[in-house]
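Student: my questions are about this predicted structure, shown below with the sequence.
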Amino acid sequence: MSLIAWWLLPNQLISLPLIGIALAPIFPLTIWLTPQRIPTAIVPAAIGFITSVASLGAAAIPSFAGFFASHFGLEVIPVLMIPLAGVMVVLHWGMVNQHNEALRL
């Protein structure tokens, strides 16, 4: 919701802190919950993989956003972030459903 507000009302200042508050816990919670979701033997490898993918995303996503912003203007940043947030919601939904199904077995 805050991304849409930032896109439609770019001069207001409340949406950016709300976006930060919403996105900040994702990585630490993913690392914290990993041992509960996978076998103990592969936890170190899984955490290494997660941090590698996060580093790749931390480098690639701002680079692509900066490239598009330099060509189309800063107004394109929230438009690019909305699909990324959607992907994160779908991935979260899939992980929760998979975890719930594993608990039922």
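Tutor: Perfect, thanks for sending it.

Student: which residue packs closest to the residue nearest to the spatial centre of the chain, ignoring adjacent ones?
Tutor: Ranked by distance to the mean C-alpha position of the chain (C-alpha atoms, centre = their mean), the top residue is residue 88 at 5.0 Å. Distances taken as C-beta to C-beta, 6 or more residues apart in numbering put residue 26 closest to residue 88, at 7.1 Å, once the chain neighbours are dropped. In short, each C-beta sits where N, CA and C put it, glycine included.

Student: what's the average pLDDT for stretch 16-34?
Tutor: Confidence over stretch 16-34, taken as the mean pLDDT, stands at 85.

Student: buried stuff in that stretch?
Tutor: Neighbour-count burial for stretch 16-34, with 16 or more other C-beta atoms under 10 Å as criterion, is recorded at 19, 30, 34.

Student: now the first one: which helix or strand?
Tutor: Assigning secondary structure by DSSP states H and E places residue 19 in helix 15-23.
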